[in-house]
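*Asks:* need a structure here:
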Amino acid sequence: MSDKTIAFIGTGNMSYAIIGGMVKNGFNPQHIIATNRNQEKLAKVASDFNVQTTSDNNQALRNADVIVLSVKPQMMGDLCQSFQDSGIDFSDKLFISVAAGLTVSRLREMLGQPVKMVRCMPNTPSLLGRGVSGLFGAGETSDEHNFVQHVFESTGIVVWVKQESQINDIIAVTGSSPAYFFLFMQAIEEKAKALGFSDDDARKLVQQTALGAAEMTVDQSDISIEQLRANVTSKGGTTHAAVEHLKAEGLINTVGDAMDACIARAQQMEQEL
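*Replies:* Reported below is the predicted structural model:
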């Protein structure tokens, strides 16, 4: 990576994961600034990764080349207004937003300038280096584009989208989808307990099965997921009975409808924020 300094404004779990991935992959921690109002969180990120920390967002803005806006969407207006009020020239800085529901045009309006911007939608497996980050660029230079690519590759894989509206699709496909898998795992775990397995055994059985199934999709990526499912579904057998019941109950359509609901909510947030 380059010698650019990057500031994370609002260092919560996601920013912590990104910072950890960057440092692990060779980024100079002294070129990373983390801000937060919570001193305990700042102390932890400083101790774990030896990065610079401050509770002064304007100081971070002044000293960084790249600014990651990682506060809650509802707090973004006040943050951007404070940047405007600071008198700091940030016209040539690159801004990265990880906030859902705030478009590039809305963020530029909040900042009062047509700044260079990248929208990012990561997901929670970034904490383990297994994340997916959807990215949309607006006005960044080639060097900045590559810098952002390197930053988010440190937590998993990166997919750039051509249309900003596709960020909402990314939310449905990868941003929110870990929760879909967790809900399905929860349902299996609860049934396992009802069948008499202990809490500990039910958890271990479910997580190991989920891990194995996920790794099979990676190790056998030349085989479609549909075919992997078919390979363990002998016609007339026990798995076939379970799968056919799920289909009959509309699981596939239900998942698709849930993803549409996710996209619709993201679009609604764009109107509200």
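
*Asks:* gap between residue 23 and residue 242?
*Replies:* Computed as C-beta to C-beta, to the nearest Å, the residue 23 to residue 242 distance reads 44 Å. Yep, even glycine has a C-beta here, placed from its N, CA and C like the rest.

*Asks:* higher neighbour count, those two?
*Replies:* Ranked by neighbour count (other C-beta atoms under 10 Å), residue 23 and residue 242 place residue 23 first, with 17 against 11.

*Asks:* Identify the residues contacting the more buried one.
*Replies:* For residue 23, the contact set (C-beta atoms under 8 Å, 6 or more residues apart in numbering) comprises 29, 32, 49-51.

*Asks:* and those residues, which are buried?
*Replies:* Neighbour-count burial (16 or more other C-beta atoms under 10 Å) applied to the contacts of residue 23 gives 29, 32, 49, 51.

*Asks:* Just those: which are in helices?
*Replies:* In helices, defined here by DSSP state H, the members of the buried ones among the contacts of residue 23 are residue 49.

*Asks:* Which of the buried ones among the contacts of residue 23 sits closest to residue 89?
*Replies:* Distances from residue 89 to the buried ones among the contacts of residue 23, taken as C-beta to C-beta, are shortest for residue 32 (21.8 Å).

*Asks:* part of a strand, is residue 34?
*Replies:* Yes: using DSSP: H, G, I helix; E, B strand; the rest coil, the assignment for residue 34 is a strand.

*Asks:* my guess is it meets residue 10, correct?
*Replies:* No: contact between residue 34 and residue 10 fails when scored by C-beta atoms under 8 Å: they sit 9.1 Å apart.

*Asks:* and these two? which has more neighbours close in?
*Replies:* Using other C-beta under 10 Å, the more surrounded residue of residue 34 and residue 10 is residue 34, with 27 against 23.

*Asks:* returning to what we had before: of the contacts of residue 23, just say which sits nearest to residue 134.
*Replies:* Out of the contacts of residue 23, the member with the shortest distance to residue 134 (by C-beta to C-beta) is residue 32, at 22.4 Å.

*Asks:* separation between that closest one and residue 249?
*Replies:* Distance, residue 32 to residue 249, by C-beta to C-beta: 48 Å.

*Asks:* any idea where the helices of the stretch 1-150 of the chain begin and end?
*Replies:* Secondary structure of the stretch 1-150 of the chain (DSSP state H, counting those that start in this stretch): helices located at 13-24, 39-49, 57-63, 76-86, 104-111, 142-153.

*Asks:* List the buried residues of the fifth one.
*Replies:* By neighbour count with 16+ other C-beta under 10 Å, helix 104-111 contains the buried residues 104, 106-108, 110-111.

*Asks:* Check the fourth one too.
*Replies:* Of the residues in helix 76-86, those scored as buried under the neighbour-count criterion (16+ other C-beta under 10 Å) are 76, 79-80, 83.

*Asks:* Quick check, residue 63 in contact with residue 30.
*Replies:* No: if you go by C-beta under 8 Å, residue 63 and residue 30 don't touch, sitting 11.2 Å apart.
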